[in-house]
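>>> model the following, please.
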Amino acid sequence: MGERKQVMDMRSNTDGISNAESNEQQRKWTNNLWDKKAKDSLANYDPSRAHLNFEVTKGGKVQPIDTSKSIQQKMDENLSARGIKNPNARKDVRRKQRILAQMIFGGSRDRMLEIAFGNQEVDFTKGTDNSHLTRSNDIEKWAVEVYNFVAKRFGEDNIVSFYVHLDETNPHCHCTVIPVDEEKNKISWTSVFGKNPAEESASLRERHDALYEEVNKHWGLERGSNMAETGAKHRSTEEYKRDLVREVQSLEYTKEGLERQIHRMEIKVKSLSTMIANLQARKEKVNEEIELIARQFGQEGQDNEQLAKKMQELRKELMDINQKIAERQRTVDETNNEIALTKQRLTALQSEHRRAEESWGDDIDKEAAYLKANMNITYQKMLMETIEPLKPTLSEKQKEILQESGFVELTENSKDVINCALLLALRYVKAATDYAVSHGGGGGGNLTGWGRDKDDDDERWWMKCIAQSAAMMKPSGRKIKRGR
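Prediction:
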């Protein structure tokens, strides 16, 4: 059985809760957006389990998530009812204060799934119907205990929202808290969490200890140890490799995928905005033509019947234009919402990435930096070699050379090629194949027995890995020269 550690993460917020983030926590999504989320290879939402999500409200009451008000609306009403001002709401504010604490509570995946679903098995295959699953009473009890833990420390009136998600890979809670100085009845992060980094760190350690003793101890979730407490710096080569594979496949791959996804959606919004502008221009022209015809009716020498027919055609075109504008604007709004959500996921992922890097030991950093630096040097040499055929002129023969040499993969898909090559260099052939296929590549066929020859020096070995990776990243049906 793997480790069973508790999870408590917290980040400060100066801007309040956006509608996009509120909609995500409340799962206030249209069917169309749910469908996109379910199909997104970068996401882990399961619509068939969404009905199992719940919230904990005042008094520790468990109920379905109420989407009638956004988190920001709840916060504004909370502050207004108590006569507390939001210091960042002033128009002349120069330096925003930290006005919210956004917390996530959970634990190691296996134990949290056990608490949430008991002996029921969850199928995490995308598209699987898990609607038959029922929510265990244990997850409700655990969530209420966590809610009471937060209420005891920060005041129940200061809890804006507390949502529990059972439709993702690992069950967890999202809790939003306003840091209020009760004596002064004002928002004050420093009064609640500490006046400086040292006090904040000590406060965080105390909360971790208290969460374990008061809640998670009897739920079988252990108090985690951080490097500052244990002094641990070194891990074995095998542990390093496992972490590196997880880093490449789960963090770096997802981060780059999110960046590409944001870029594609921004291009889509720009294109739609241009279409809307063109439609608006045509709409103005049609309206001008309609006004002109209206002025011509009844004038001497005008064919009123023809004018009426033309007027009818123009009005029909105007209706079509209005419908197209409305449809494209809806798509723009939905896409902008997705961009906001994706950017939030990217920000959260980058924070996770930084935390992962901080937990690595010195030797791990050196080995990873050495391997990747040399891989990049070799990659650049290979890239220059593929450009050589371009120098005279781009004849049909040279285009064929570029196609066969893997130029497209090495230049346009460099990050994915490097990541896949890194896995090959670490001898994780199956992981490299899965990585290539998940990124649109053909996978490179049967790689049984593929590896480093005894006569290969480092550079030759890296060249093989990069060339093989480029072949694996190429879509099925096209061949390129490989390093073997």
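
>>> quick one, what contacts the residue in the chain sticking out farthest from the centre?
Ranked by distance from the centre of the chain (CA atoms, centre = their mean), the top residue is Glu300, with 67.2 Å. Going by CB atoms under 8 Å, 6 or more residues apart in numbering, Glu300 touches no other residue. Where you see a C-beta, it was placed from the backbone N, CA and C, and this is true even at glycine.

>>> tell me the secondary structure for it?
coil (DSSP: H, G, I helix; E, B strand; the rest coil).

>>> so what does it have for phi and psi?
Main-chain torsions, Glu300, degrees, to the nearest 10: phi -60, psi 130.

>>> which parts of this protein are strands?
6-13, 54-57, 61-63, 100-107, 159-165, 172-177, 180-181, 186-187 (DSSP state E).

>>> got any ranges where the stretch 1-150 of the chain has weak pLDDT?
1-3, 41-43 (pLDDT under 70).

>>> outline the domain layout of the protein.
6-224, 251-359, 362-473 (automatic domain parsing).

>>> roughly how far is the second one from the heart of the chain?
By that I understand domain 251-359. Computed by CA atoms, centre = their mean, to the nearest Å, the separation of domain 251-359 from the middle of its chain amounts to 25 Å.

>>> pLDDT averaged over that domain - what is it?
Per-residue pLDDT over domain 251-359 has a mean of 80.

>>> tell me where the stretch 201-350 of the chain has helices.
Taking DSSP state H, counting those that start in this stretch as the criterion, the stretch 201-350 of the chain contains helices spanning 227-230, 237-246, 253-296, 304-359.

>>> any idea how far Val93 is from the residue farthest from the centre of the chain?
Glu300 is 67 Å from Val93, where distance means CB to CB, to the nearest Å.

>>> pLDDT value on Ala425, please?
82.

>>> grab the nearest non-local neighbour of it.
Once flanking residues are discounted, Ala425 sits nearest to Cys465: 4.8 Å by CB to CB, 6 or more residues apart in numbering.

>>> surely that neighbour and Leu426 touch.
No: contact criterion CB atoms under 8 Å: Cys465 and Leu426 do not qualify, at 9.4 Å.

>>> those two: who's more crowded?
When neighbours are counted by other CB atoms under 10 Å, Cys465 and Leu426 differ, and Cys465 comes out ahead with 28 against 19.

>>> look up how far Gln120 lies from the more buried one.
Distance from Cys465 to Gln120, by CB to CB: 43 Å.

>>> cool, Lys141 as well?
In terms of CB to CB, Lys141 sits 17 Å off from Gln120.

>>> show me the shaky parts of the stretch 351-484 of the chain.
In the stretch 351-484 of the chain, residues with pLDDT under 70: 351-415, 444-446, 476-484.

>>> now do 50
358-366, 480-484 (pLDDT under 50).

>>> what's in contact with stretch 266-279?
Ile321, Lys324, Ile325, Arg328, Gln329, Thr331, Val332, Thr335, Asn336, Ile339.

>>> pipe those into JSON lines and attach distance to Gly16 per row.
Output for those, formatted as JSON lines (distance: CB to CB, whole Å):
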{"residue": "Ile321", "distance to Gly16": "38"}
{"residue": "Lys324", "distance to Gly16": "35"}
{"residue": "Ile325", "distance to Gly16": "31"}
{"residue": "Arg328", "distance to Gly16": "30"}
{"residue": "Gln329", "distance to Gly16": "26"}
{"residue": "Thr331", "distance to Gly16": "27"}
{"residue": "Val332", "distance to Gly16": "24"}
{"residue": "Thr335", "distance to Gly16": "23"}
{"residue": "Asn336", "distance to Gly16": "18"}
{"residue": "Ile339", "distance to Gly16": "19"}
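
>>> show me how far stretch 187-200 is from its chain's centre.
For stretch 187-200, the distance to the chain centre is 29 Å (CA atoms, centre = their mean).

>>> likewise for stretch 47-57?
20 Å.

>>> got the buried residues for it?
Residues Pro47, Ser48, Arg49, Ala50, Leu52, Asn53, Phe54, Glu55, Val56 are the ones in stretch 47-57 that count as buried (16 or more other CB atoms under 10 Å).

>>> can you list the residues that contact it?
Taking contacts as CB under 8 Å, 6+ apart, the residues outside stretch 47-57 that touch it are 27, 34-35, 37-38, 62-66, 116, 122, 128-131, 133-135, 140, 143-144, 147, 161-167.

>>> only the buried subset of these, as a PyMOL command please.
To isolate the buried members of the contacts of stretch 47-57 in PyMOL, using 16+ other CB under 10 Å:
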select buried, resi 27+37+38+62+65+116+122+130+133+135+140+143+144+147+161+162+163+164+165+166+167
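
>>> OK, contacts around the residue positioned nearest the centre of the chain?
Centroid-nearest residue in the chain, with CA atoms, centre = their mean: Arg345, separated by 3.0 Å. By CB under 8 Å, 6+ apart, the contact set of Arg345 is Leu258.
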